[in-house]
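>>> structure for the following, please:
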Amino acid sequence: EGYGGGVIPAGNCAGRFSMPVSAPMSPRPDLGPKPRLGYTESGLARAAERRPDDPAIAALLADRRAGGYVIGGDLIVLKKGAGPHEALFTVEDARALGPGTETVFLGLLEGAGRFGFGIPPQHAETLKTRDDLVVTDLRSIAVQGLCAPEHLPPIAEAKAVLHWHIRHRFCPNCGAPSIR
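Purely as a prediction, here's the structure:
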């Protein structure tokens with residue numbers, strides 16, 4: 001029977017299990033501007049050369065302009081605000097939230113150090129009872145716009161690095177402690 005008549009055979013069964021050819025697709029509708037990819041546009045200068053320099057990191061932590069993000073496993077701690085909540089804590093305020101597991105250097109913003117402060121996930125859960133804090137997961141923060149968008153990339157980086165350090169404490173080949 002061939003391929004005429006607007007029918008394309010399905011498999012080797014020309015005619016019996018044929019499907020009609022649909023009309024050509026309409027042009028793509030205008031969906032507006034592309035959405036912002038929240039985790040990709042970090043304003044931080046990575047300053048990776050400073051990571052192994054303990055005195056430089058200590059000086060950055062001591063600078064009153066330093067700040068950081070508090071992460072407890074999959075939970076992110078925010079300071080409750082009237083509009084978007086505040087994601088960035090002072091070093092002193094971050095450390096006062098509970099026992100720290102680790103601090104990681106994320107980079108610099110206008111010369112001020114930005115850090116990720118790890119706390120035990122169980123402790124992050126207990127912080128949910130405080131009226132001055134919002135404790136939730138990163139996806140909820142991003143989708144609901146719970147903090148200013150410029151904080152999303154460094155929060156995601158802090159969460160990823162802290163999680164990586166938990167899972168990769170030792171070299172898989174020789175067993176030596178990982179260098180941070």
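>>> once you drop chain neighbours, what's closest to residue 158?
residue 116 (2.7 Å; Cβ to Cβ, 6 or more residues apart in numbering). Where C-beta positions appear, they are placed from N, C-alpha and C, glycine not excepted.
>>> pull the contacting residues for the one you found.
68-69, 71, 103-104, 106, 154, 157-159, 161-162 (Cβ atoms under 8 Å, 6 or more residues apart in numbering).
>>> can I get the residues you listed in a markdown table with neighbour count?
As requested, the contacts of residue 116 are exported to a markdown table (neighbours: other Cβ atoms under 10 Å):
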| residue | neighbour count |
| --- | --- |
| 68 | 26 |
| 69 | 27 |
| 71 | 27 |
| 103 | 18 |
| 104 | 22 |
| 106 | 22 |
| 154 | 24 |
| 157 | 20 |
| 158 | 26 |
| 159 | 21 |
| 161 | 18 |
| 162 | 22 |
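>>> what segments of the protein are strands?
Taking DSSP state E as the test, the strands found in the chain are 7-8, 19-20, 67-72, 75-79, 89-90, 102-109, 112-118, 133-137.
>>> of those, flag the one that's most buried.
Of all the strands of the chain, strand 67-72 has the most neighbours on average by mean count of other Cβ atoms under 10 Å, namely a mean of 26.
>>> got the angle for it vs strand 102-109?
150 degrees (axes from the mean of the first three to the mean of the last three Cα atoms, to 10 degrees).
>>> circling back: nearest to residue 60 among the strands of the chain would be which one?
Closest to residue 60 of the strands of the chain is strand 112-118 (Cβ to Cβ; 3.2 Å).
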